[in-house]
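Peer 1: pasting the sequence and the predicted model now:
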Amino acid sequence: MTTGLPSASRDRGLHARVVDALGQDIVDGRLAPGAILNVEAMSERFSVSRSVLREVLRVLQSLGMVEPRQRTGTQVLPRASWDLMSPQVILWRGRGPEYFTQMRELLELRLGLEPMAARLGALTPDPLQAAVVLEAARTMVEADAAGDGPRYLEADVAFHTALLRGSGNQVIGHFATQVEALLRTRVEEARATITDWTPAAAAAHLALAEALVAGDADVAFRAAWELISGTVDEFVRESDEELH
């Protein structure tokens, strides 16, 4: 009689665990650029077969983090080669010492996208996405008043992903996946100044949502710009304090 998970399911679980561990090691610098991955050592460390490791290395290669080299083995690549827009890479960087750097970089990118998404969403509204934005903003206000962090985070994710998807621009909407991954790094972030929320932030989200639903493109654009730029300024201040 056999017990436990089927072999295929077990291999998928092992595969995901090893991908996560090696990806985090690369991002955190424990596996430095130029390092050669020793298959024998990895097989022993994770107690997995070579076939599982080959699949793991294919995933990391697809993310630009490693590259097979003839006669030398699989080499770790520098950050410039990584797919920095991959949700998995965003998660790894969010867990490690690059947290502040990544937040600043992606917030600056969001500053260029979300105000335009808000303008477009107000000009040519998607009723479903606009309703999600408004409901999420109201939930953020309620969660802030109740001190409910997990509910606030889920509403924040819903707000920004619906804002981007409601723009009517498929390229802008595609960025919603990256924004969600970025926002979810806050779950594991221990710095209180970053995980805290304020009534002012919740109110700013609500003001943006109301402008969007009202079809006021100029107000929606300004509200989104002020919301994201204020967060950029906060992270610049916090990262400077962290360095000093």
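Peer 2: Ah, there it is.
Peer 1: longest helix in the protein, please.
Peer 2: helix 217-243 (DSSP state H).
Peer 1: list the helices and strands that helix packs on?
Peer 2: helix 99-123, helix 192-195, helix 199-214 (3 or more C-beta pairs under 8 Å, 6 or more residues apart in numbering; DSSP states H and E). In short, each C-beta sits where N, CA and C put it, glycine included.
Peer 1: of these, which shows the lowest average pLDDT?
Peer 2: Per-stretch mean pLDDT for the helices and strands packed on helix 217-243 is lowest at helix 192-195 (a mean of 44).
Peer 1: next, count neighbours for residue 144.
Peer 2: 21 (other C-beta atoms under 10 Å).
Peer 1: just give the nearest non-adjacent residue to it, would you?
Peer 2: Leaving aside its sequence neighbours, residue 144 sits nearest to residue 202 (C-beta to C-beta, 6 or more residues apart in numbering; 4.3 Å).
Peer 1: surely that neighbour touches residue 146?
Peer 2: No - Residue 202 lies out of contact with residue 146 (C-beta atoms under 8 Å); the separation is 11.1 Å.
Peer 1: more neighbours: which of these two?
Peer 2: residue 202 (22 against 10).
Peer 1: measure that one to residue 213 for me?
Peer 2: 17 Å (C-beta to C-beta, to the nearest Å).
Peer 1: cool, and residue 32?
Peer 2: 50 Å.
Peer 1: shaky segments in the chain?
Peer 2: 1-12, 187-197, 238-244 (pLDDT under 70).
Peer 1: could you list the domains of it?
Peer 2: What automatic domain parsing lists as the domains of the chain is 7-80, 87-243.
Peer 1: pick the most deeply packed of the ones you listed.
Peer 2: domain 87-243 (a mean of 18; mean count of other C-beta atoms under 10 Å).
Peer 1: how about the contacts made by residue 108?
Peer 2: Residue 108 is in contact with residue 232, counting by C-beta atoms under 8 Å, 6 or more residues apart in numbering.
Peer 1: next: the one 4 residues further on.
Peer 2: Contact criterion C-beta under 8 Å, 6+ apart gives no residues in contact with residue 112.
Peer 1: from here on, count from 896
Peer 2: OK, 896 is where the count begins now, so the last one is residue 1007.
Peer 1: pretty sure residue 1112 contacts residue 1018?
Peer 2: Yes - using C-beta under 8 Å, residue 1112 is in contact with residue 1018, at 4.9 Å.
Peer 1: put the alpha carbons of stretch 1027-1046 into PDB.
Peer 2: Backbone C-alpha positions of stretch 1027-1046 (Å, rounded to 0.1, in the frame of the first residue of the first chain) are rendered in PDB as follows:
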ATOM      1  CA  VAL A1027     -14.200  47.500  -7.800                       C
ATOM      2  CA  VAL A1028     -12.000  50.600  -7.400                       C
ATOM      3  CA  LEU A1029     -14.700  52.400  -5.400                       C
ATOM      4  CA  GLU A1030     -15.600  49.400  -3.200                       C
ATOM      5  CA  ALA A1031     -11.900  48.700  -2.500                       C
ATOM      6  CA  ALA A1032     -11.300  52.400  -1.500                       C
ATOM      7  CA  ARG A1033     -14.300  52.300   0.900                       C
ATOM      8  CA  THR A1034     -13.000  49.000   2.300                       C
ATOM      9  CA  MET A1035      -9.600  50.600   2.900                       C
ATOM     10  CA  VAL A1036     -11.200  53.400   4.900                       C
ATOM     11  CA  GLU A1037     -13.200  50.800   7.000                       C
ATOM     12  CA  ALA A1038     -10.100  48.600   7.500                       C
ATOM     13  CA  ASP A1039      -8.000  51.600   8.500                       C
ATOM     14  CA  ALA A1040     -10.600  52.600  11.100                       C
ATOM     15  CA  ALA A1041     -10.800  49.000  12.400                       C
ATOM     16  CA  GLY A1042      -7.000  48.600  12.400                       C
ATOM     17  CA  ASP A1043      -7.400  45.500  10.200                       C
ATOM     18  CA  GLY A1044      -4.100  45.200   8.300                       C
ATOM     19  CA  PRO A1045      -4.800  42.100   6.200                       C
ATOM     20  CA  ARG A1046      -8.100  43.500   5.000                       C
END
